[in-house]
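Chemist: I would like the atomic coordinates for the input below:
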Amino acid sequence: MLIPNTLFRMGGAAVMLTSKEAERPRAKYELEHLVRVHLGADDVAYECVFQREDDRGVVGVELNRDLVKVAGRALERNLTKMGPLVLPLAEQLKFAGSLVARALLPKSMRPAPYVPDFKRAFDHFCLHAGGRGVIEGLSKQLGLPFDKSAPSYNSLFWYGNTSSASLWYALGYIEAAQGVRRNDVVWKVGFGSGFKCNSAVWRALRDVKDTRHAAWRHIQDESNLAAVPSYLANGGFSQGPKAPVCSGPFVFDREEERAAAALAEVETSAGGGKGGAAGGKGAARAPSARASARVVASASPRALARRAR
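Modeler: Alright, predicted model coming up:
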């Protein structure tokens with residue numbers, strides 16, 4: 001039952017939403033579409049991510065082998081509902097033709113399912129950063145080049161799997177590194193237990209380029225900006241990166257250093273060898289982050305987990 005400790009990191013996001021027309025000049029984005037697919041009525045989908053007790057009475061999260069199949073089914077339903085709302089007419093006709101052909105033709109003659117080109121509908125993509133396999137699978141299914149999936153890869157690389165908050169980390173990266181132009185369309189798609197797949201479409205009301213974004217200030221350094229492509233080329237995400245510490249009121253790196261130092265002191269007194277926060281291969285710092293008034297994101301320390309391994 002160690003899955004929550006090995007898969008997830010601490011993360012959070014806060015967004016200010018309003019329906020007041022008077023606030024429109026201050027707003028960055030307008031929510032255009034929201035599609036929610038929930039497969040909880042299906043027992044297999046409901047139990048593919050489930051909290052339960054193990055044989056020793058320890059409560060934890062269980063992931064079973066049906067998860068990938070269920071996630072694919074949820075995504076397919078979400079795309080089927082989202083497509084007519086956002087896709088150009090030509091793409092809709094191609095998709096409809098594919099559905100009709102697959103329904104009428106014999107199995108041996110059925111064409112492969114047509115996957116619409118969502119790049120014609122969206123300018124930016126925020127994919128659920130649940131792991132490298134999740135991002136790669138979504139990118140491959142949607143036919144996205146690296147620059148479109150880079151925000152999610154960077155979210156995973158620098159902050160780990162922060163679950164639903166990862167979508168807002170990805171949007172922060174887009175604003176800081178790529179920039180958003182007025183009328184650009186941003187698509188967010190995420191997954192969760194239940195099993196569910198939710199997606200939201202946002203339209204930019206003005207140009208956005210926020211290089212001071214606290215969570216992504218460090219990528220102004222070109223070496224940090226190029227870290228993810230290099231990391232993926234060398235096997236990717238087999239170990240955590242050494243991320244810089246972002247300034248802000250929530251400075252978790254100090255807490256991390258104290259925890260690592262305390263652990264090193266205990267190990268040394270018990271004859272457990274040398275170590276500590278400054279002890280050679282010690283803890284990589286995880287960036288703490290506070291975003292703007294719209295998004296507040298934070299990351300938890302890694303030091304104890306790494307020292308424990």
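
Chemist: host element of Ala150?
Modeler: Using DSSP states H and E, the element containing Ala150 is helix 146-159.

Chemist: return the distance of that helix from the chain's centre.
Modeler: 8 Å (CA atoms, centre = their mean, to the nearest Å).

Chemist: output the contacting helices and strands for it.
Modeler: strand 124-127, helix 132-142, helix 166-173, helix 227-233 (3 or more CB pairs under 8 Å, 6 or more residues apart in numbering; DSSP states H and E). From N, CA and C alone the C-beta is placed, and that goes for glycine too.

Chemist: mind doing that once more with 6 Å?
Modeler: helix 132-142, helix 166-173, helix 227-233 (3 or more CB pairs under 6 Å, 6 or more residues apart in numbering; DSSP states H and E).

Chemist: how about low-confidence regions in the stretch 101-250 of the chain?
Modeler: Along the stretch 101-250 of the chain, the model assigns pLDDT under 70 to residues 234-250.

Chemist: ok, now with 80
Modeler: The model of the stretch 101-250 of the chain has pLDDT under 80 over residues 113, 211-212, 220-227, 229-250.

Chemist: all helices for this protein, in order.
Modeler: Remark: helices assigned in the chain by DSSP state H are 3-7, 43-47, 67-86, 89-104, 132-142, 146-159, 166-173, 222-225, 227-233, 252-269, 303-308.

Chemist: nearest to Ser193, out of those helices?
Modeler: Ser193 lies closest to helix 43-47 among the helices of the chain, at 8.6 Å (CB to CB).

Chemist: pull out the buried positions in the closest one.
Modeler: 45-47 (16 or more other CB atoms under 10 Å).

Chemist: same thing with stretch 97-111?
Modeler: By neighbour count on 16+ other CB under 10 Å, the buried set for stretch 97-111 is Ser98.

Chemist: again, but for stretch 137-151
Modeler: Taking 16+ other CB under 10 Å as the criterion, stretch 137-151 shows 137-139, 142, 144, 148-151 as buried.

Chemist: most tightly packed of the helices of the chain?
Modeler: Comparing those on average neighbours per residue, with mean count of other CB atoms under 10 Å, the densest one is helix 166-173 at a mean of 26.

Chemist: what's that one packed up against?
Modeler: Contact analysis of helix 166-173 by 3+ CB pairs under 6 Å, 6+ apart lists strand 124-127, helix 146-159 as its packing neighbours.

Chemist: got the CA positions of the first one in PDB?
Modeler: This file holds the C-alpha atoms of strand 124-127, laid out as PDB (Å, rounded to 0.1, in the frame of the first residue of the first chain):
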ATOM      1  CA  HIS A 124      -2.200  24.500 -26.400                       C
ATOM      2  CA  PHE A 125      -2.600  21.200 -24.600                       C
ATOM      3  CA  CYS A 126      -2.400  20.500 -20.900                       C
ATOM      4  CA  LEU A 127      -2.300  16.700 -20.500                       C
END
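
Chemist: other SSEs contacting that strand?
Modeler: helix 166-173, strand 185-192.

Chemist: I am finished for the moment; much appreciated.
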